[in-house]
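Asker: structure of the sequence below:
(chains A, B, C and D)
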Protein chains: 2
Amino acid sequence: MRLLPHPATEDIELTEVLRALSDPVRLEIVVRLALSGVMNCGEAGDDLGVHKSTASHHYRTLREAGVVITKQEGRLKFMSLRRDDLESRFPGLLDSVLSAAGIPSPALIPSADVPAPR
Amino acid sequence: MRLLPHPATEDIELTEVLRALSDPVRLEIVVRLALSGVMNCGEAGDDLGVHKSTASHHYRTLREAGVVITKQEGRLKFMSLRRDDLESRFPGLLDSVLSAAGIPSPALIPSADVPAPR
DNA sequence: CGTATAGTTGGATTGTTGTCAAACAATAGA
DNA sequence: TCTATTGTTTGACAACAATCCAACTATACG
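Answerer: Numbering: from 1, shown residues only, chains lettered A, B, ... in the order given. As a prediction, this is how the structure comes out:
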């Protein structure tokens, strides 16, 4: 199981997080992750209306901004929100964005930085 | 005194607000407004390190995204954050961004959608 | 080993954005 | 009315971003 490169918590930049969240496609991915906890890229990108390579580009943007973490298991890559990291770096930010994006109540889904074992 | 065109509260889009806040120059302008309540464009753009026309472009972006409101009095234009509007549309969002941007405690400055009379 | 699956990468295209400089508009005050 | 002040608009330009398609990599499974 490999962990893809991503910024350390203290290196997450506010403007980069906001920029990552400011794209409708990426915001939708983030909403799905918030609702599901963990998703592989195929699930996360399903019915997004964009080519899979475009979705892959968005995964990378989210990862490099520090919004998601990605772990590979077999031929699947599991993504999850870096809820705890974001909360410690920018308290309340992710929850308010998720709430604004229409998620009923924030933090319904427990932090799941580690994907469930296969 | 004229009010420049800006979106109605219910037309403010989350992704546009996030995009407006995702530029370091614009975020700095927003931080200054949060600390000062009301500023004219000259004050807001002072020492930003960009040309005044660039700053003017950023004012427009912030206004069209629904983040600030601008009112003209004489030859000055006064900008202020749309705190109440943003709070009602996206509760907690602006405060968490301002807090993340290093403002000591959010909501220290009372909402000031209307510039102080000259 | 061959094939299917899952996702990434590179190229091409199209459109957007941040920036400056110069010209412009509007207002206040002399 | 002339001039200084305040900010906007326009044009130009380079950098970036979103997208698709095709080719590629890596893993799992027959």
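Asker: what about the helices in chain A?
Answerer: According to DSSP state H, chain A carries its helices in the segments A:14-21, A:24-36, A:41-45, A:52-65, A:83-89, A:93-100.
Asker: what comes up buried for stretch A:22-41?
Answerer: Within stretch A:22-41, the residues that qualify as buried are A:22-23, A:25-34, A:37-41, counting by 16 or more other C-beta atoms under 10 Å in any protein chain shown. Yep, even glycine has a C-beta here, placed from its N, CA and C like the rest.
Asker: what's the offset of that stretch from the middle of its chain?
Answerer: 6 Å (C-alpha atoms, centre = their mean, to the nearest Å).
Asker: is it in proximity to chain B?
Answerer: Yes: using C-beta under 8 Å from any C-beta of the partner chain, stretch A:22-41 reaches chain B at A:Ser22, A:Asp23, A:Pro24, A:Leu27.
Asker: reformat those residues as a markdown table; add pLDDT and distance to B:Thr61.
Answerer: Converted to a markdown table, the residues of stretch A:22-41 next to chain B look like this (pLDDT from 0 to 100; distance: C-beta to C-beta, whole Å):
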| residue | pLDDT | distance to B:Thr61 |
| --- | --- | --- |
| A:Ser22 | 98 | 12 |
| A:Asp23 | 98 | 16 |
| A:Pro24 | 97 | 17 |
| A:Leu27 | 98 | 19 |
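Asker: which of these sit farthest apart?
Answerer: Maximum pairwise distance in those, criterion C-beta to C-beta, is 8.5 Å, between A:Ser22 and A:Pro24.
Asker: so what sits against both of these two?
Answerer: Shared contacts of A:Ser22 and A:Pro24, defined by C-beta atoms under 8 Å, 6 or more residues apart in numbering or on different chains, comprise B:Thr15.
Asker: of all the helices of chain A, which lies closest to A:Arg75?
Answerer: Minimum separation from A:Arg75 across the helices of chain A (C-beta to C-beta) falls at helix A:41-45, 10.4 Å.
Asker: good, wrapping up.
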